[in-house]
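In: Provide a 3D model corresponding to the input given below.
(chains A, B, C and D, ligands or ions: 4)
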Amino acid sequence: MTTPDSVRVEPDDPAEVVETTVEELAPLYRQMLAIRRLEEASAKAYSTGKIGGFLHLIIGQEAVCVGAIAATQSDDYVVATYREHGHAYAKGVPARPILAELYGKKTGLVKGLGGSMHLFDKKTSFLGGYGIVGGHVPIAAGAAFASKYRNDGRVTLCFFGEGASTIGGFAEGLALAALWKLPVVLICENNQYSMGTPLYRSLAVEDVSLRALAHGMARDRFDGDDVIKVKRRIGEAIERARTTGEPTLIEVVTYRFRGHSMSDPGLYRTKDEVEEWKRRDPLNRCRQRLVDLGIKDADLESLEADVKTEIEDAVKFAEDSPVADEYFPYVVKE
Amino acid sequence: MTTPDSVRVEPDDPAEVVETTVEELAPLYRQMLAIRRLEEASAKAYSTGKIGGFLHLIIGQEAVCVGAIAATQSDDYVVATYREHGHAYAKGVPARPILAELYGKKTGLVKGLGGSMHLFDKKTSFLGGYGIVGGHVPIAAGAAFASKYRNDGRVTLCFFGEGASTIGGFAEGLALAALWKLPVVLICENNQYSMGTPLYRSLAVEDVSLRALAHGMARDRFDGDDVIKVKRRIGEAIERARTTGEPTLIEVVTYRFRGHSMSDPGLYRTKDEVEEWKRRDPLNRCRQRLVDLGIKDADLESLEADVKTEIEDAVKFAEDSPVADEYFPYVVKE
Amino acid sequence: MAVISYREALNQAMREEMERDPDVFIMGEEVGHYNGAYKVTQGLLQRFSERRIVDAPIAEMGFAGIGVGAAMVGLRPIIEFMTFNFSLVAIDQIINNAAKIYQMSGGQFHVPIVFRGPGGPAVQVGSQHSQALESFYAHVPGLKVVMPSTAIDAKGLLKSAIRDDNPVVFIEGETLYNTTWEVPAADAGELLIPIGQADVKREGSDITLIAWSKMVWTCLEAAKELANDGIECEVVDPRTLRPLDVDTLAASVQKTGRCVIVEIGWPVAGFGAEVAYQMQRHCMDALDAPIERVTSDDVPMPYAKNLEDEVQPQVKDVIAAVKRALYLE
Amino acid sequence: MAVISYREALNQAMREEMERDPDVFIMGEEVGHYNGAYKVTQGLLQRFSERRIVDAPIAEMGFAGIGVGAAMVGLRPIIEFMTFNFSLVAIDQIINNAAKIYQMSGGQFHVPIVFRGPGGPAVQVGSQHSQALESFYAHVPGLKVVMPSTAIDAKGLLKSAIRDDNPVVFIEGETLYNTTWEVPAADAGELLIPIGQADVKREGSDITLIAWSKMVWTCLEAAKELANDGIECEVVDPRTLRPLDVDTLAASVQKTGRCVIVEIGWPVAGFGAEVAYQMQRHCMDALDAPIERVTSDDVPMPYAKNLEDEVQPQVKDVIAAVKRALYLE
Ligand SMILES: Cc1ncc(C[n+]2csc(CCOP(=O)(O)OP(=O)(O)O)c2C)c(N)n1
Ligand SMILES: Cc1ncc(C[n+]2csc(CCOP(=O)(O)OP(=O)(O)O)c2C)c(N)n1
Ligand SMILES: [Mg+2]
Ligand SMILES: [Mg+2]
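Out: Ligands and ions are numbered 1, 2, ... in the order given. Coordinates of the predicted model:
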């Protein structure tokens, strides 16, 4: 129950193939690829000192945010952590303002005031990236509370890491969402490490979804390699929230290929372990699936060329933008 | 699952009779009776303005602290809430300093500095009464951590109300106790109301013990009317903690006959409901059991006379003691 | 004019604002069925139903955060802390989320929320339940901090706080709920007092007493006694600690040349130190004596009534400070 | 003497005290196997094993409280907050338990615990991860608050903090870990600096600069530049904010007649206001100019480097304040 491996136990058949089509999968592959390239571009800029502070990359976990958000309606709310570039992009935020924000530019998504950990976008109902572990879970419950209060049919997705499952903010948000039946889907991206801490050193039982039991809350737990599977399984929870208002706690087992942040060499993991997971790369898996589904080479090529241009353009935009220049207007709203 | 009544469901046969003897039961009855009289004396003093502030009485719940602490060794630690007069007494603190403290006297258990909510007694390893709901659960885990650190074989009992089960301090203390296998027994005195809030308005599922599931922690849940049953069931958990270091979460269903505190008329409960529970009064039940077990009338009378004298003496002591007179020496330890 | 209590004034303010704006709701422990631990929300559940008067379990961090999230998407939550002592388990939501989201989001999301409840020492409830935490909140940019001393200020300022687009920490005097004051009758229309305006509670020419919340009453009493000795105190109540109305305070000190700052909280880094700094900065040349501060003793609050009174500022302590500032002792 | 870094100094202090006293243990996130998020606990796990170097999950309220409970029964915990920003979710344990148990228990239980970790703005980590919270802790009776600026102070004060019988909030400079200073070689025996003693970091006759933690370095740099214009600044570092060594600070201000207080935190009710109040109270007659304060701007910390620099006190800001205090501008 508390061995380092037990979390890898896959509740359902890993060989299971979820039905999909090129039409459904291609756009998701495009998003995953764009996020991968966006993160790589940020890493590059960071290593040349163009981006500072903490930079947490989601490389390896793209299928989770992309699959989950693919199952939402455009006005559903999303609340995320400091590892949220991909979530913002999947929600519809263009690469340009995201990268410009990381560069600390005036054209950044939040004017250079928030940075990598605090992307917010009102237009796409992206309620933000937060830096205090667990502190954003009640905020997500609050957005869901507002939807229930107004009966506006919206659902809120809240993403957090497995490391957040031990902190009070998560526990209280969970308890209140269950008690008041708030339309929120709590998605634990279990990438098996909280900074340098493996699951078995932070959880008595390596199954975060069990937290739902005491609250009579619906729960699910599955492997996050297949973006379509993520979309389907989280889609069920979103449907439940929208129709019955019932919240769900979902644990998606995944893996980050890089360190916790750019400053973390990640020495606490063996090369073999990392390689094993890279072989399962959800991005490659998705691409292969597209090929198996018979996507035209030309389409695949143009899609990938397209992403390349988009990210190169975003980098240029970020580089060429003027630096951030004001902060006083954003302290107190007049 | 969330009806006001479901909590009354008794997991095991209420008619069940737990074996005991006069020798075992009489001293526990004496403690319960003394606590009842002590609380009544405090209530009287409060109504005549001799005691101020918040006064939370445990009348109706005596079997829980008495039964639980009867299963401990004298050097085991006890941590409690603001409703802790009975716990302190059961741990071995005499009535005199308890009552003198409530009176705010120099001879009070904590020199008139803490008052009703903050009784502490180093001699008997009573680690205190705390006023911030849930905030004392990590403290109890800390005492247990020290016992594990020193391998001193002590066990820590932590008492709290069911209302504490939704707050982060409880959740974090629980998670850490489970993860580190700390020798602590977490005892939820479920008196079915958090101030004026009945269970169904504060818990999605009216079973606090379920919180243990997600942590692979041992749990128990039972009715708290029979002091011997409480002693046996909690004794099992104490034994487990002492021998294996494993913590346990225990929920004891009980009822407070008075309001939340002296200033609460308790209008949120029907007269019938209160009467029903008074018929189940654990004190009377205990006395009846002693009679059934054949205690000599003379013994019973002298025991009760004895308690009467003890509390009358404590009242006189409190009344006659000088008022508290210093506080500066107890801010910073030199 | 009607004479109403501080408690009724708060109740009226919430009732009127909830009638006016359907997005306003109240959430907290015992606010509904119990009518509030201090009965401030009396009758609101019957009037507005469980949808808008939400009884919360004991989870301050959770429901404070729920308020922040709801405010981000356009609702106007009033979060009641049964007492501000319990805001300490939720303070991360107030400081790291409520106060910063407007800035972190580059001005895209604002957080129109009121965190309210009684603060400051109560009577014989011990150190965990008796403390003044205003200097914590007043320290934090992004927040507004309001501490009314009278029923009329309580009503007018709470209504303004509810309409404010920023997070407002609204600290009521735990021992002021029964105090009364003249207030326009509820039907006499809107009573709005702008946040950030100090109020001269008593005019005087000899010395300025600056105090807020309960200490205003202590100062008024001291002023009355001192008047018998021919000493005229001006009592100025900032009412709002953040933003602080330095101009009104400084104008009074400029006029009197002497200043005593009275607060019920701890001395070290108490808000009074900030007021003292501002006054010495703006009035140094006008000051005829060092600025005096009267605070509680630098200790956790004891339980015994006699010790509690010793620890907290009393009328006699204010009088003594005034006499020191006037070199009369 | 050996030149060591602030980081090494802290590491040595803990290593030495743990060798000396088996009741001392360290608990926090990533303190063991990861050797500390900022590598302050480097090598301690290998030396002392998992029993005494405890990696904790993310549950600050929980493990801070565990430290308090363990301290009550005689252990001497060192609780590391990865940064003090995260102490806000545990602040109730520090203020309502650690600081008050000695008083609530009538002196029966004391709480020998150290809460340590980096505090103050870091570099480009945004407003939730960049704030100075010392004025919160300095406000609370029952706590001691230490903020070393140099490696030698860090070592000597941390050793004293670990031996202290009271809860000590020990805030390290997040940007000072790599700074170096001369420290007696580890084997040169005990290096203990008493809590509560200020230190004159630079002597000067014209004006007193009072600063702590990182701002001491900023003041020393400003003093160097000002010396070129023939202005001699005395830089005084309180090192401990609670209890504050008012005498040493006041002696310097009495001598120079001018005072600039520099802090990296927010201006309103910042600890500098308390220092200013104490100085005007003890030195009013000696003061030749109003006390100046240099603080960060009254805003949550922005992310962009250029804005971050604008918000925080720079050498030029200190120089400008000094010139104002000397009426040179
Ligand atoms: C309350 C709090 N404590 C500590 C931290 C420092 N911290 C930032 S991320 C992190 C690890 C989180 O791990 P997990 O929740 O699994 O998310 P992941 O980074 O793996 O996506 C820690 C300890 C924090 N930001 N907030
Ligand atoms: C953090 C916190 N929030 C609120 C309160 C106010 N309060 C004191 S007791 C109480 C009810 C607790 O109910 P429960 O835990 O069931 O214990 P009981 O009083 O029934 O024994 C509340 C809300 C508090 N003391 N601490
Ligand atoms: Mg993780
Ligand atoms: Mg209860």
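
In: Tell me where the model's unsure across the chain.
Out: No chain specified, so I'll use chain A. Where chain A drops to pLDDT under 70, the residues are A:1-15.

In: Sorry, I should have been clearer: chain C.
Out: Chain C contains residues with pLDDT under 70 at C:186-189.

In: Kindly report the residues of it close to ligand 2.
Out: Residues of chain C lying close to ligand 2 by C-beta under 6 Å from any ligand atom are C:29, C:58, C:60, C:82, C:86, C:89. The C-beta positions use only the backbone N, C-alpha and C, and glycine is treated the same way.

In: just so I have it, where are all the strands in the stretch 201-329 of chain C?
Out: Secondary structure of the stretch 201-329 of chain C (DSSP state E, counting those that start in this stretch): strands at C:207-211, C:233-237, C:240-242, C:259-262, C:292-294.

In: And for the stretch 51-200 of chain C?
Out: Using DSSP E, counting those that start in this stretch, strands in the stretch 51-200 of chain C cover C:53-55, C:76-80, C:114-119, C:144-146, C:168-173, C:180-183, C:199-202.

In: Please work out how many residues are found near residue 266.
Out: Using chain A here. Close neighbours of A:G266, defined as other C-beta atoms under 10 Å in any protein chain shown, add up to 15.

In: Not quite, go with chain C.
Out: Counted with other C-beta under 10 Å, residues neighbouring C:W266 total 24.

In: likewise A:Y77?
Out: 28.

In: likewise C:N178?
Out: 11.

In: quick one: it and C:R7 touch, right?
Out: Yes: if you go by C-beta atoms under 8 Å, C:N178 and C:R7 touch, sitting 6.8 Å apart.

In: Name the residues of the stretch 151-300 of chain C found near chain A, please.
Out: C:165-166 (C-beta under 8 Å from any C-beta of the partner chain).

In: Can you tell me which residues in the stretch 151-300 of chain C are near chain D?
Out: Counting by C-beta under 8 Å from any C-beta, the positions of the stretch 151-300 of chain C adjacent to chain D are C:242, C:244, C:265-266, C:268-274, C:276-277, C:280-281, C:284, C:290-291, C:293, C:298-300.

In: Please go through those and note which also touch ligand 4.
Out: By C-beta under 5 Å from the ion, no member of these lies near ligand 4.

In: Can you name the residues bridging to the closest residue to C:V54 other than its chain neighbours?
Out: Counting by C-beta to C-beta, 6 or more residues apart in numbering or on different chains, C:V54 lies nearest to C:M27, which is 4.2 Å off, once chain neighbours are set aside. Counting by DSSP bridges, C:M27 is bridged to C:V54, C:I79.

In: C:M27: neighbour count?
Out: Neighbour tally, C:M27, other C-beta under 10 Å: 23.

In: give the contact list for it.
Out: When contacts are counted by C-beta atoms under 8 Å, 6 or more residues apart in numbering or on different chains, C:M27 touches C:54, C:56, C:63, C:66-67, C:77-80.

In: Make TSV from those and add neighbour count to it.
Out: Listed next are the contacts of C:M27 as TSV, based on neighbours: other C-beta atoms under 10 Å in any protein chain shown:
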residue	neighbour count
C:V54	22
C:A56	28
C:F63	31
C:I66	33
C:G67	36
C:P77	31
C:I78	27
C:I79	32
C:E80	29
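
In: quick one: which of the residues you listed is nearest to ligand 4?
Out: C:A56 (15.3 Å; C-beta to the ion).

In: Please consider this matter closed, and thank you.
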